[in-house]
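structural data only, the sequence is not supplied:
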């Protein structure tokens with residue numbers, strides 16, 4: 001499995017001519033022949049409700065939160081000990097998805113960050129309004145245009161560190 005993924009499948013990069021971002025969209029809408037940008041507002045809202053409902057189930061998985069917090073703390077400590085800049089980038093999501101997502105997730109996330117050891121550089125683009133529907137492949141994944149936009153944002157952040 002490691003050979004396939006390290007030297008084979010990802011040798012071309014994750015996205016390539018045979019695996020496009022659009023091909024991997026989470027099509028949570030009824031007419032899956034349509035692309036995200038072709039959906040009506042109502043279809044986008046329903047798709048976002050479905051996707052967020054899947055993610056919102058995670059709010060009660062306290063053991064997973066504790067384990068992931070422990071792992072993040074270990075990563076942060078390692079970066080501090082080795083003089084590595086730890087940068088956390090939270091990707092943008094559509095306004096439809098954000099409206100349906102459990103609001104406590106953001107607080108939980110920021111609590112984990114605040115308790116971690118060392119310096120953490122954060123770029124939270126979750127509700128960045130410069131990202132529009134055309135930047136997404138679905139409710140919570142960027143398309144090519146959005147990925148280019150986010151890459152530029154990260155590049156600008158890196159110049160300041």
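Cool, got the structure. Note that the structure is predicted; figures quoted are calculated from it, not measured. Numbers count the residues shown, from 1 in each chain.

from now on I want contacts and neighbour counts done on CA atoms only, so please keep to that.
Fine.

quick check: residue 86 vs residue 71, distance?
Distance of residue 86 to residue 71, computed by C-alpha to C-alpha, to the nearest Å: 14 Å.

check contacts around residue 92.
Contacts for residue 92 (C-alpha atoms under 8 Å, 6 or more residues apart in numbering) come out as 124, 125, 126, 127, 128, 131, 140, 141, 142.

let me know the secondary structure of it.
Classification of residue 92 using DSSP: H, G, I helix; E, B strand; the rest coil returns coil.

kindly provide the distance from it to residue 85.
The gap separating residue 92 from residue 85 is 22 Å, by C-alpha to C-alpha.

before we move on, back to that, point out the least confident member of the contacts of residue 92, please.
When the contacts of residue 92 are sorted by pLDDT, the bottom entry is residue 127 at 88.

look up phi and psi at the residue nearest to that residue when sequence neighbours are not counted.
The shortest distance from residue 127 to any residue other than its chain neighbours is 6.0 Å, reached at residue 92 (C-alpha to C-alpha, 6 or more residues apart in numbering). In this entry, residue 92 is assigned phi and psi values of phi -70, psi 160 (degrees, to the nearest 10).

what about the residue nearest the centre of the chain, distance to residue 62?
A centroid search over the chain (C-alpha atoms, centre = their mean) returns residue 91, at 4.3 Å, as the residue closest to the centre. Shown here: residue 91 relative to residue 62, a distance of 23 Å by C-alpha to C-alpha.
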